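sequence first, predicted model second:
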Amino acid sequence: MVAADFVVGILGNIVSILSFTSPISQFREIVKRKSADNYNGTPYIATFLSCSLWILYGLLDPDEGLLIVTVNAAGVAMQSLYLALLFIYSSKEKRVKYFGFVILDIVCFGIVVAFTLVAFEGSSRRTFTGVLCATFTTMMYAAPLAALQTTIKTKSVEYMPILLVLSLFVNGCVWLTFAILVTDVFVLVPNAIGILLGVIQFCVYLVFRNPTPMVNEKQNENRGIDFQDFGSGDINGIDVKVKNVIPQKRSLNRLDAFPVIRSPSLSPIRAKSTQHHEDDVEHGGEN
């Protein structure tokens, strides 16, 4: 019979890999435009180091660490691909920056591996590595919180990455269940914190998911038109009136087409001659 923790671990692998693939559409756009200068590669650099540390943590526990190794190996592969695309399509200045950070990640990982093997023995190695992994994972879950301040200030969820929050929330639930089944505190703690942060972000999203009336009024004032004063049929009515003006103008007679002739600013002599002219036209029309 298959153990429950193994089934949950497989499910956790699937959810986490789906989370790793979420930026694919963004990188498809980068390849299409052949430019990545407007994108920030820092999250991929941090995730690369975090997944590398989790691989080390899984290798230190051959019994329960296999599923942790597989999912984070996939994470390292995906982040390496993303960083390679950023390196190819970024400016020279950013290439140097990304290259330096990747080298720093590799050096830090090497130092952690060496320090873990030299300074600790037995289960203490796993404890030291577990603390580092839990710290990095908590930071990953807290990353979307940067958008909360903007959301609360603007009262709009436009800048909240709700899909990322949702994927991290589901990921946290699955791995929390796995941690409870295998009694792994270093997997449990960061994922429990991730679930809590996800709930907070969902609450903020539900509060501000609909724009407030104040925001709509300001937008209408900026446009110079208050569309709330018109019904759905009023605008069509305006179009009809505008269209009817043209044939009315075309049906005017010659005298009405030049109302300036009847202007009171004309001299009495000219006004009188104009009046005779009108009378002649009228009599001529009767004949």
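That came through fine.

quick one, phi/psi of residue 136?
In terms of degrees, to the nearest 10, the main-chain angles of residue 136 are phi -70, psi -40.

shouldn't it be in contact with residue 50?
Yes: counting by Cβ atoms under 8 Å, residue 136 does reach residue 50; the two are 3.9 Å apart. In this view, the C-beta of every residue, glycine as well, is placed from N, C-alpha and C.

what about the two, which has more around it?
Ranked by neighbour count (other Cβ atoms under 10 Å), residue 136 and residue 50 place residue 50 first, with 22 against 18.

give me the buried positions along the helix or strand containing that one.
Assigned by DSSP states H and E, residue 50 falls within helix 42-59. Within helix 42-59, the residues scored as buried using 16 or more other Cβ atoms under 10 Å are 44-58.

tell me the one among these nearest to residue 97.
Distance to residue 97 across the buried residues of helix 42-59 (Cβ to Cβ) is lowest for residue 45, with 9.7 Å.

show me the contact partners of the helix holding residue 50.
Contact with helix 42-59 is made by 23, 65-69, 72-73, 75-76, 79-80, 82-83, 86, 98, 101-102, 105, 108-109, 112-113, 116, 126, 129-130, 132-133, 136-137, 139-140, 143, 186, as judged by Cβ atoms under 8 Å, 6 or more residues apart in numbering.

look up how far residue 28 lies from the nearest residue to residue 82 once chain neighbours are set aside.
The spatially closest residue to residue 82, leaving aside those adjacent along the chain, is residue 44, at 4.7 Å (Cβ to Cβ, 6 or more residues apart in numbering). Noted for residue 44: a distance of 15 Å to residue 28, by Cβ to Cβ, to the nearest Å.

what about residue 147, distance to residue 162?
9 Å.

please identify which of the two sits among more neighbours.
Neighbour comparison, residue 147 and residue 162: the larger count goes to residue 147, with 19 against 14 (by other Cβ under 10 Å).

by mean pLDDT, point me to the weakest helix or strand of this structure.
helix 234-250 (a mean of 44; mean pLDDT, DSSP states H and E).

what helices or strands is whichever helix or strand residue 105 is part of leaning on?
Residue 105 is part of helix 92-119 when elements are defined by DSSP H and E. Of the remaining helices and strands, those touching helix 92-119 by 3 or more Cβ pairs under 8 Å, 6 or more residues apart in numbering; DSSP states H and E are helix 42-59, helix 66-89, helix 123-142.
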